[in-house]
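Asker: 3D model of this:
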Amino acid sequence: MLEMADSTGEWKAMPAGLHLYVSNADEVYGRAIQAGARSLYEPRDMDYGDREGGVEDPSSNQWYIATHKAGSISRRIGFRSVTPGMSVKDAAKFFAVPG
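Answerer: Numbers count the residues shown, from 1 in each chain. The predicted model follows:
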């Protein structure tokens, strides 16, 4: 589940990174571009079995639109249809368990 809303004066836009699995990455990428998204990279076959393209929406969210091509389902095992992501400075320290 993912909650999204329009930004307002009180609630500012907070850019996010989202990995979205769909049945046809090329088609969804094209629709995103037509709707005003900026291309990060055109859909291409990745070495991990996905066909994936990246776009940035007008609120600076980055969407990685993919279809998994290796196997019989359109997303990788263990992944949901939408997987939120974040970038953290010194990520290893951020997740380190003290002691």
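Asker: so for stretch 25-43, what gets flagged as buried?
Answerer: Using 16 or more other CB atoms under 10 Å as the burial criterion, the residues of stretch 25-43 that qualify are 25, 28-29, 32, 37, 43. The C-beta positions use only the backbone N, C-alpha and C, and glycine is treated the same way.
Asker: quick one: contacts of stretch 38-47?
Answerer: 25-26, 29, 33, 51-56, 62, 65-66, 69 (CB atoms under 8 Å, 6 or more residues apart in numbering).
Asker: show me the helices in this structure, by range?
Answerer: 25-34, 91-95 (DSSP state H).
Asker: any idea which of those helices has the lowest pLDDT on average?
Answerer: Mean pLDDT values for the helices of the chain show the minimum at helix 91-95, a mean of 63.
Asker: any low-confidence regions in this protein?
Answerer: In the predicted model, the chain carries pLDDT under 70 at residues 1-5, 71-80, 83-99.
Asker: how about the strands in it?
Answerer: Taking DSSP state E, the strands of the chain run over residues 17-21, 38-45, 50-56, 62-68, 82-85.
Asker: from Ala13, how far out is Trp63?
Answerer: 14 Å (CB to CB, to the nearest Å).
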